[in-house]
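S.K.: following is a predicted model, sequence given first.
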Amino acid sequence: MKKFLVFLGVVVVIKENIRLVILTRPNTAHAPQAPASSTTTTATSTTGSKTACTIYTAADAQKLLGSTAQAGSSNADTPTESDAIKVSTCTYIQDTGDSLDSLKTAKTASLLVRAPKTQAGTDSNKAQFTTSKPAGVTDVPGYGDAAYWDPQFGQLNILKNNTWYILSYGTTTISSRTLDDGKQFAAILITKL
């Protein structure tokens, strides 16, 4: 039963992160296109080969979630990619026991990394912090090049060196997550972003 409930929690976190990536994917139908003869695909990210799980490690999870932190889902071995963006995720779950009440209070912490592979990827990431920034978010100074808190998803979004980092930390009840939760998670990772 315990493994099933942990699995269920991981599925919820993955679904939430995939939904966010899909919802924030830019509409490229009207975007300027490179000339057909152009073969430039210069990466504009300083993340290099970093994936979410190389940034957010088990040791980090234990600092945040305690010694009971368990690895959840990750796509570190096969990140989701397009021509312009590479997306990786890494999730850890706090093991609080088998009871339903324990599961309600258990916390998860997930990092999603959108690393640009091309200038179009860089432009897409930057747009999420300017012209395409969601309504109802709160700017958060002092994190990367730009940052905002999105209460709808309970996530701290950070743009640093053209890469978009999405930090989700708290219980599975998104409405109970706070900016302070996000800042606590960011404090552990900020030097590695």
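M.R.: Good, I have the coordinates.
S.K.: may I have the phi/psi pair for Pro134?
M.R.: For Pro134, the backbone dihedrals (degrees, to the nearest 10) come out as phi -60, psi 150.
S.K.: helices of this structure, residue ranges please.
M.R.: Per DSSP state H, the chain has helices spanning 2-23, 52-55, 58-65, 100-105, 119-127, 179-189. These are given in chain order.
S.K.: in the third one, which residues are buried?
M.R.: With burial defined by 16 or more other CB atoms under 10 Å, the residues of helix 58-65 counted as buried are 60-61, 64-65. C-beta here means a position set from N, CA and C on the backbone, and glycine is covered the same way.
S.K.: with the fourth one instead?
M.R.: By neighbour count on 16+ other CB under 10 Å, the buried set for helix 100-105 is Leu103.
S.K.: which strands and helices sit next to that helix?
M.R.: If you count contacts as 3 or more CB pairs under 8 Å, 6 or more residues apart in numbering; DSSP states H and E, helix 100-105 packs onto no helix or strand.
S.K.: could I get the buried residues of helix 58-65 as TSV with distance to Lys126 and pLDDT?
M.R.: Supplementary listing: the buried residues of helix 58-65 in TSV, determined by distance: CB to CB, whole Å; pLDDT from 0 to 100:
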residue	distance to Lys126	pLDDT
Asp60	26	97
Ala61	29	96
Leu64	28	96
Leu65	31	95
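S.K.: need these in JSON lines (columns: distance to Gly136).
M.R.: As requested, the buried residues of helix 58-65 are exported to JSON lines (distance: CB to CB, whole Å):
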{"residue": "Asp60", "distance to Gly136": "29"}
{"residue": "Ala61", "distance to Gly136": "29"}
{"residue": "Leu64", "distance to Gly136": "26"}
{"residue": "Leu65", "distance to Gly136": "28"}
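S.K.: pull the most distant pair out of these.
M.R.: Pairwise distances across those (CB to CB) peak at 9.3 Å, for the pair Asp60 and Leu65.
S.K.: state the distance from Thr130 to Tyr148.
M.R.: 11 Å (CB to CB, to the nearest Å).
S.K.: give me the more crowded residue out of these two.
M.R.: A count of neighbours by other CB atoms under 10 Å puts Tyr148 above the other of Thr130 and Tyr148, at 21 against 9.
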